[in-house]
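[1] What shape does this take:
(2 chains)
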Amino acid sequence: MKAGRRRPRVAVVIFPGSNCDRDTLAAVEATGGEAVPVWHRSRDLAGCGSVILPGGFSYGDYLRAGAMAAHSPVMAAVRRHAEAGRPVLGICNGFQMLLEIGLLPGAMLMNRTLRFICRDVHLRVERDDVPLLTHLQRGQVLRLPIAHKEGNWFAPPEVVREVESEGAVVLRYCTPGGGLDDGANPNGALNAIAGLVNSAGNVLGLMPHPERRVRGIVGGEDGTPLIRGLVEAA
Amino acid sequence: MRWDAPGTVELAREHGLSEEEYRRILDSLGRTPNLTELGIFAALWSEHCSYKSSRVHLRKLPTSGRRVVQGPGENAGVVDLGGGWVTVFKMESHNHPSFIEPYQGAATGVGGILRDIFTMGARPIMLLDSLRFGSLDAPRMPHLVDGVVRGIGDYGNCVGVPTVGGEVDFHPSYNGNVLVNAMCVGVARADGLFFGRASGPGNSVVYLGSKTGRDGIHGATMASDVFDESASEKRPTVQVGDPFTEKLLIECCLELMGKGLVVGIQDMGAAGLTSSAFEMAARAGCGLTLDLSLVPARERGMTPYELMLSESQERMLLVAAPSNVPGVLEVCHRWGLDAVEVGSVTAEPEVVATFEGREAFRLPVGPLVDDAPRYERPWVRPAPAAAVTLPPLHDRDWGADLRALLASPAFADTRPVWQQYDQSVGASTVVGPGADAALLLLPGTSIGVAGTTDCNALACGLDPFNGAAQAVAEAVRNLACVGAEPVGVTDCLNFGSPENPKVMGQFVAALEGMAEACRAFEVPVVSGNVSFYNETSGSAILPTPTVGMVGVVPEVRHRPRGTWREGEVLYLLGGVEGELGGSRFLQLVLGLEAGPVPAVDYAAESRAAAVVRGLVRQGLAAAKDLSDGGLAVAAAEMSGGTVGAELALPEGVAPARALFGEWRGGFLVAVEPENEQALVRACEGSPVNRLGAVGGSKLKIALGGNVLLDEPVEELEGLRENGLKWLSES
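    Below you'll find the predicted structure:
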């Protein structure tokens, strides 16, 4: 960032039970944005250009992951923001919320092991032609951690066909070399889908945690391009 | 029976109080207590709350030092980290509940230890778990392992505190009594600490958190008793956890403290409202009034007895100036938590409770807390295990021996356990589970905070004094492997019944060994927990004095690693031969739990640890300490299953002692060839041997031209991967 220039403002919504909000706020600041915490009862996004729904266990994931958060007052503002073509990023629990409010298609089932899984996975980048992905290249392989029990993306066959034909898939679980292999799919997600974007290209959801990887000392900087793309789009 | 019925001697006995203790209650009150008062005495005088059998011996531990901010006696210990930061940490057992109901028992163990940390004003940044299970073919054991792991995971994952370390071990002595020791490390600003003190007469007492239910009544007294065949009938005494409410409590309490709205605060742990009310009053030398009718209750018709003794989880008691109460309630309600003003602080040191408009009890604080009974239980000093005659150990298939060790659950890859735990939330995990110690960045800084838990219970069973001292030494070595200097210890002392003089003797000897080692390494013990009565039907567990040690790296510049890389050269710091007494080789290969456990050579250990610490901090070396399984196991682990190495042992050493000997206080260190000189210089005055170089796909160890073993590292890793694989499947 050049000195004196105003930093892009990014809202990070905090729900009761969010637990990646602090990491996400720090990651936004580390990539040049001004991170603005927004409480879930707020009815606006504090004038921010981009918004992140962070990971965690909103409402303890009781009922169903993301289901209660979908009814928080702030969600009306998030929907308006998305419909106006402004950037929205949902990470993990945030992705689950985007599915719950219908901004992205499909639903999350329990991982096929029926267990919580936290480990690094490899992800193949499938799109680089939307502003949010401007710092990534198609075919590139990222290494990021996942940490979830409900990340097994599922949809009826016609929705899967539509998602694929529209190029809505932005990230797929893959081998270190970028190959698709069932052994590289940690949770059983259909077509190894780890991240989706809407047709307008402004609403993106993913299960892995880019905000945890913006510093080499904690395991790499593969999360930086995703967060930076969102900050710059704000 | 009514809550205000007379508390008779029969009722006292049912509550686990002895006749002598009952007489003491009558003397201190000058009257017969009612049932509620009797229940309160029984809870606070239980072994779990009062430390009545251990207190006289716990004094032997060193608890002061230049970094110590708060020693034992508070909710957790506090040690200075420098730069205006302190670390707050403690370890606690949840053994009995976890055996009865593994999922909830382990989950609420995590919840309880988290509350001990954030109640001090610290943000929890890491969790570790030291777990002991019986043989996997013992009844219920796979169910217990699975339940404990799921319970720890579901709680820690939801609250968003990474679980980054600990240990898992197996021994038949835990068949009827598993151990779940949870440790939490938090950080705070030095001027932002809070204490569990109900000070300032006239101040308000506020109840915060979950409603009180009928769960967990008598938890503290249950934890102070041995098990018999009817253990499962005690299931109603196990509490049920709600990690979502805990997460709200963490954020709410830290906000209240950050805004200066709190005078004192404590969680309602064992013995619930009873312990928080009486302990907070005792620490401040004050008293409290409580209106029990105002306590948020989960069910209708709860009595004062139940309200005082419930161990419902996720509840706090806090003291605030009356003018701040509206502010406190506003913050609590914003977080969606129940918060009610239930009483006030008084100058008179007694707790007076009313219920439905009349007095429910009136009890002096002193007799219940400070003057609780203390026992000098009879004990017999254990005779350390003697040397045994071993079979000839020359022409063995050493490769097969190594395979046998690695295939045992004790050496299993613990990935199937910790991949169920969120290890990276907080985005500060530099070294996570599976390594010698965990290393995290203090949020927003480059200061490293390291943690490890260690205890070789097999060695403690053979020689409680040396075994406990060796546990401290191993913790020091583990911290060195991530470049950390030890700053403090928390302990979790798991033993059988203190009423058995042999068990009490193990306890005394282990405590003395731990005390000697902590003095020698200059690491004070600032918090801890004693868990007695870990026995079922008269059979006690191995003495298991678990050491939790915290270390600091002033500035983390390099990411420590525990595996070697192609092209590196390998050095052995410390003795080339170890001792076989109490070793895993004897236990798992020869089937002998025997042999002497050597004393710790503190000077040599300290020197070697300092060398490794320096090299790791500068990013010059990867290091692994030699402990369970000796050099051969350390080498197999450092290979990571990917790259092999060729090692040559110096002529004249005994193969078994060189390959599998333990207790030598050494490290296996890998450096790039250009850093060899730096390593040798750093080791000046200490024993160091160049063993070989990294390369190829096999681990080859030779002695004087004789190849002892030559095994593909991928296969060795495969053996380790199999041990607990079933845990990662559905």
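[2] B:Glu714 sits in which helix or strand?
    Using DSSP states H and E, B:Glu714 maps to helix B:713-722.
[3] show me where the stretch 401-550 of chain B has strands.
    Secondary structure of the stretch 401-550 of chain B (DSSP state E, counting those that start in this stretch): strands at B:429-431, B:438-441, B:448-454, B:485-494, B:525-531, B:535-536, B:539-540, B:544-553.
[4] B:Val295 is nearest to which of these?
    When these are compared by CB to CB, strand B:525-531 sits nearest B:Val295, at 27.0 Å. (Each C-beta comes from the backbone N, C-alpha and C, glycine too.)
[5] which of the residues in the closest one are buried?
    Neighbour counts using 16 or more other CB atoms under 10 Å in any protein chain shown place B:Val525, B:Val526, B:Ser527, B:Gly528, B:Asn529, B:Val530, B:Ser531 of strand B:525-531 among the buried residues.
[6] Tabulate the strands of the stretch 401-550 of chain B in CSV, adding columns for mean pLDDT.
    What follows is those, written out as CSV (pLDDT from 0 to 100):
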stretch, mean pLDDT
strand B:429-431, 98
strand B:438-441, 98
strand B:448-454, 98
strand B:485-494, 98
strand B:525-531, 96
strand B:535-536, 91
strand B:539-540, 91
strand B:544-553, 98
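[7] Out of these, the one nearest chain A is which?
    strand B:429-431 (5.8 Å; CB to the nearest CB).
[8] which secondary structure elements does that closest one contact?
    Under the contact criterion of 3 or more CB pairs under 8 Å, 6 or more residues apart in numbering or on different chains; DSSP states H and E, strand B:429-431 touches strand B:438-441.
[9] dump the residue contacts of the most centrally placed residue in chain A.
    For chain A, the residue nearest the mean C-alpha position is A:Ile91 (3.0 Å; CA atoms, centre = their mean). When contacts are counted by CB atoms under 8 Å, 6 or more residues apart in numbering or on different chains, A:Ile91 touches A:Cys20, A:Thr24, A:Ile52, A:Leu53, A:Pro54, A:Gly55, A:Gly205, A:Leu206, A:Pro208, A:His209, A:Pro210, A:Glu211.
[10] Could you find the closest non-adjacent residue to the first one?
    It refers to A:Cys20. Distances taken as CB to CB, 6 or more residues apart in numbering or on different chains put A:Gly55 closest to A:Cys20, at 3.6 Å, once the chain neighbours are dropped.
[11] Can you name the residues of the stretch 501-650 of chain B that neighbour chain A?
    Residues of the stretch 501-650 of chain B found near chain A (CB under 8 Å from any CB of the partner chain) are B:Val556, B:Arg559.
[12] Close to chain B: what parts of chain A are there?
    Applying CB under 8 Å from any CB, we find that chain A lies next to chain B at A:16-17, A:19-20, A:22-23, A:26-27, A:55-57, A:59-62, A:112-119, A:145, A:147, A:149, A:209, A:211-219.
[13] Let's see which of these end up in strands.
    Judged by DSSP state E, strands contain the following of the residues of chain A next to chain B: A:Ile117, A:Cys118, A:Arg119, A:Pro145, A:Ala147.
[14] Burial check on the residue nearest to the second one when sequence neighbours are not counted, number of neighbours?
    This means A:Cys118. Take A:Cys118 and drop its neighbours on the chain: the residue closest to it by CB to CB, 6+ apart is A:Ala147, 4.1 Å away. A:Ala147 has 28 neighbouring residues, counting by other CB atoms under 10 Å in any protein chain shown.
[15] A:Ala147 and A:Ala27, how far apart?
    Between A:Ala147 and A:Ala27 the distance is 15 Å, computed by CB to CB, to the nearest Å.
[16] Show me which residues of whichever strand or helix holds A:Val38 are buried.
    For A:Val38, the host element (DSSP H and E) is strand A:34-39. With burial defined by 16+ other CB under 10 Å, the residues of strand A:34-39 counted as buried are A:Ala35, A:Val36, A:Pro37, A:Val38.
[17] my guess is the last one meets A:Ser72, correct?
    No - between A:Val38 and A:Ser72 there is no contact under CB atoms under 8 Å: 10.6 Å.
[18] between those two, what contacts are shared?
    With the criterion set as CB under 8 Å, 6+ apart, the contacts of A:Val38 and A:Ser72 do not overlap.
[19] For chain A, just list every one of the strands.
    Counting by DSSP E, the strands of chain A are A:9-14, A:34-39, A:50-53, A:88-91, A:107-109, A:117-125, A:141-148, A:152-154, A:169-174, A:193-197, A:203-206.
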